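Participant: Quick one: sequence plus predicted model below, questions after.
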Amino acid sequence: MKLRSLIIAALAASASGPATAAVTVMGDSTAYDCSQAAFHERTDDAALALCNEAVTDAFLDRRDLAGTFINRGVIEMGRSDFADARADFNHAISVDGSIGEAWVNRGAVNIIDKRYQDGITDINKGLDLGTQEPAKAYYNRAVAYEGIDDEKSAYLDYQQALTLDPNWDLPKRELLRFTVTRREAPAAPTAQSGMITLVSRAIEQILGD
């Protein structure tokens, strides 16, 4: 039986940037308000001010403090303050490195900075730890794979993102840029073709003598 290999090619580079993932912080506090602002993709000065106040809350436990740094980083990314966002994601990891969103979002910053392999490494770590929105992690990793010209891995990750979140338009749109074809592998040599090769070599040797 002839083997088939899957050939996947992107029709154009991804037009969309990476997605960010916020973290839920519970309770009646500015940290909760900051998390809601991040989930609703707010980028206004008031949203940032909420998070600035929240990170100074002395009553936050370690996980909520790390989550608040992540949420402020998400808002900063929305404002294109990528250096500040990276600093907040790094700070979140130093406070509590077990939160997957910190790694996924730092991976997103790496992608923006065209550090694609670093982005893949961070996102892999985030997926291993688990995130509230894994579809965004797969989407971001797909963007990174495109950055290193690994179209097959990018295609599979866009597909996984869409499987996890069927109503999300971004992976749907990205998948439209790909063409998928099947290429048949060359047939395995038969005993007859091997015999012909040996006879041809023998004739060449006689003529050469």
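Facilitator: Structure's in. What do you need?
Participant: what's the closest non-adjacent residue to the residue nearest to the spatial centre of the chain?
Facilitator: If you average the C-alpha coordinates of the chain and look for the closest C-alpha using Cα atoms, centre = their mean, you land on Arg141, 1.7 Å from that point. The spatially closest residue to Arg141, leaving aside those adjacent along the chain, is Ile123, at 4.5 Å (Cβ to Cβ, 6 or more residues apart in numbering). For glycine as for every other residue, the C-beta is placed from the backbone atoms N, C-alpha and C.
Participant: and that neighbour, how many neighbours?
Facilitator: 31 (other Cβ atoms under 10 Å).
Participant: Need the residues that contact the host helix or strand of it.
Facilitator: Secondary-structure assignment from DSSP states H and E places Ile123 in helix 116-129. Residues from elsewhere that reach helix 116-129, judged by Cβ atoms under 8 Å, 6 or more residues apart in numbering: 18, 98-104, 106-108, 110-111, 134, 137-138, 140-141, 143-145, 147-148.
Participant: Okay, buried residues for it please.
Facilitator: When neighbours are counted by 16 or more other Cβ atoms under 10 Å, the buried residues of helix 116-129 are found to be 116, 118-123, 125-127.
Participant: same question, stretch 66-86
Facilitator: Buried-residue list, stretch 66-86, by 16+ other Cβ under 10 Å: 66-78, 81-82, 84-86.
Participant: Now, those that are in strands?
Facilitator: Counting by DSSP state E, these place none of their members in strands.
Participant: tell me the contacts of the residue lying closest to Gly78 once chain neighbours are set aside?
Facilitator: If the residues on either side of it in the chain are set aside, Gly78 comes closest to Thr43, at 3.8 Å by Cβ to Cβ, 6+ apart. Taking Cβ under 8 Å, 6+ apart as the contact definition, Thr43 lies against 75, 78-79.
Participant: so where do the strands sit in this protein?
Facilitator: Going by DSSP E, the chain shows strands at 4-10, 178-184.
Participant: Need the pLDDT of the residue nearest to Gly78.
Facilitator: The predicted local distance difference test score for Thr43 is 93.
Participant: Equivalent analysis for the one 5 residues further on, please.
Facilitator: Per-residue confidence (pLDDT) for Leu48: 96.
Participant: repeat for Phe39
Facilitator: Residue-level confidence at Phe39 comes out at 88, pLDDT.
Participant: ok, now Tyr158?
Facilitator: 95.
Participant: I figured it hits Arg173, correct?
Facilitator: No: the pair formed by Tyr158 and Arg173 falls short of the contact definition of Cβ atoms under 8 Å, at 9.4 Å.
Participant: Settle it for me: which of these two has more neighbours?
Facilitator: Counting neighbours by other Cβ under 10 Å for Tyr158 and for Arg173 shows that Tyr158 has the greater number, 28 against 13.
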